[in-house]
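Undergrad: Sequence plus the predicted model coming up.
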Amino acid sequence: MNFDLDQEHLDLAGGAREFLAASASPAAARAALEEGAAVRPGRAELVKSGFATITIPESAGGGGGSVLQLAVVAEQAGRVLAGPSLVTFARAAVLLAGDSRLAGLADGSLAVAVADDDGPVLDAIDGDTFLARRDGALVCGPGTVTAREPIDATRGLGDVALGETVVLAADAADRWRRGERVGRTILAAEGLGAAARLLEMGVAYAKQRQAFGRLIGSYQAVKHLLVDVYVEVEQLRSLVWWAAWAADRAPAELPLAAAAAKAAAATTLEHAAEAVIQVHGGIGFTWEHDAHLYWRRAKVDRFLLGDDVAAFDEVARLAMEATR
């Protein structure tokens, strides 16, 4: 059985990479930190491209596609630190299913963000409509945003004080959990792209930098460091595709798959960023080098939708329950 992506998904990845590489970059992420420049490609361009609205039904103006297709795009978004996050669109598509506001998400007239019970809200900075839980109900409404001092400006983190809200679903527990698991899957896909790009940077530098008359890539310590990252990235890749497939085809497997992907993405991206900074030596610590931008992304993403410790704990609990 072939567990790799098929040609349709590879073509989608190629198109997404071309669009995102032309509209977002680590340089743009650095400008957002330094100058407060707009996050790129931005909501309007992501919606216009159709990539952000893949999982919105065609009846609401979206692409009518799968979570796996969105994950393929998210991997490419992670490579160039694109923003806002496709996680926000993925969760909102689940939470707004069957609601007329879904069309606003699809055409870009609503800038939606999802407010969890605690912590800053992803993509809150340019949001105008917020989805949240209140006493088990799914609610929607405007909010006042207080920006956080950014570690990674592309994540648009802010604290949200909700205004007057309307109830979209009185008992939204199942819908909220599915939105969170789909969000974790897309977050892991973005982490996969970022970690894979870091690995490429480290390998390329090890092939050209010399020390003591030899390429540093010929030293075992450097080889082992990069190979460890490679193994983690490929393991994460398998988990991401599993979680995305489960979201589309095997909902009973999604809780475990999404938790495993979230946990692995958090640790893999952080390890990849730290390893590449080490491989680059002195220049790896400089503001001008891109490595710290990915390190910043790793530090923020580790705590989005629950931290890696909570995700690993969930993996263990679900795996033990499955054996009973």
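TA: Great, that's in hand.

Undergrad: List the backbone torsions phi and psi for Asp290.
TA: phi -80, psi -10 (degrees, to the nearest 10).

Undergrad: Next, the contact list for it, please.
TA: Asp290 is in contact with Pro26, Arg30, Met201, counting by C-beta atoms under 8 Å, 6 or more residues apart in numbering. For glycine as for every other residue, the C-beta is placed from the backbone atoms N, C-alpha and C.

Undergrad: Just the CA atoms of the helix or strand where Leu102 lies, as PDB, please.
TA: Element membership of Leu102, judged by DSSP states H and E, is helix 101-107. C-alpha atoms of helix 101-107 as PDB (Å, rounded to 0.1, in the frame of the first residue of the first chain):
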ATOM      1  CA  ARG A 101     -21.300  33.400   8.400                       C
ATOM      2  CA  LEU A 102     -19.300  30.700   6.700                       C
ATOM      3  CA  ALA A 103     -19.700  32.600   3.400                       C
ATOM      4  CA  GLY A 104     -18.100  35.600   5.000                       C
ATOM      5  CA  LEU A 105     -15.100  33.500   5.900                       C
ATOM      6  CA  ALA A 106     -14.900  32.200   2.400                       C
ATOM      7  CA  ASP A 107     -15.100  35.600   0.600                       C
END
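
Undergrad: My guess is Ala266 contacts Asp307. True?
TA: Yes: with contact defined as C-beta atoms under 8 Å, Ala266 and Asp307 form a contacting pair (7.1 Å).

Undergrad: who has more neighbours, those two?
TA: A side-by-side neighbour count of Ala266 and Asp307, using other C-beta atoms under 10 Å, places Ala266 first with 27 against 16.

Undergrad: Can you tell me how far the residue nearest to the more buried one when sequence neighbours are not counted is from Ala261?
TA: Leaving aside its sequence neighbours, Ala266 sits nearest to Asp308 (C-beta to C-beta, 6 or more residues apart in numbering; 3.6 Å). For Asp308, the distance to Ala261 equals 11 Å [C-beta to C-beta, to the nearest Å].

Undergrad: So between those two, which is more surrounded?
TA: Remark: of Asp308 and Ala261, Ala261 carries more neighbours, 32 against 18, as counted by other C-beta under 10 Å.

Undergrad: Now do the same contact list for that one.
TA: Here Ala261 is in contact with Arg184, Thr185, Ala188, Leu236, Leu239, Val240, Trp242, Ala243 (C-beta under 8 Å, 6+ apart).

Undergrad: go with 6 Å
TA: Thr185, Ala188, Leu239, Val240, Ala243 (C-beta atoms under 6 Å, 6 or more residues apart in numbering).

Undergrad: tell me the two of those residues that are most distant?
TA: Thr185 and Leu239 (9.3 Å; C-beta to C-beta).

Undergrad: quick one, which of the two is more surrounded?
TA: Between Thr185 and Leu239, counted using other C-beta under 10 Å, the more crowded position is Thr185 (32 against 23).

Undergrad: Quick check: the gap between the more buried one and Arg296.
TA: 22 Å.
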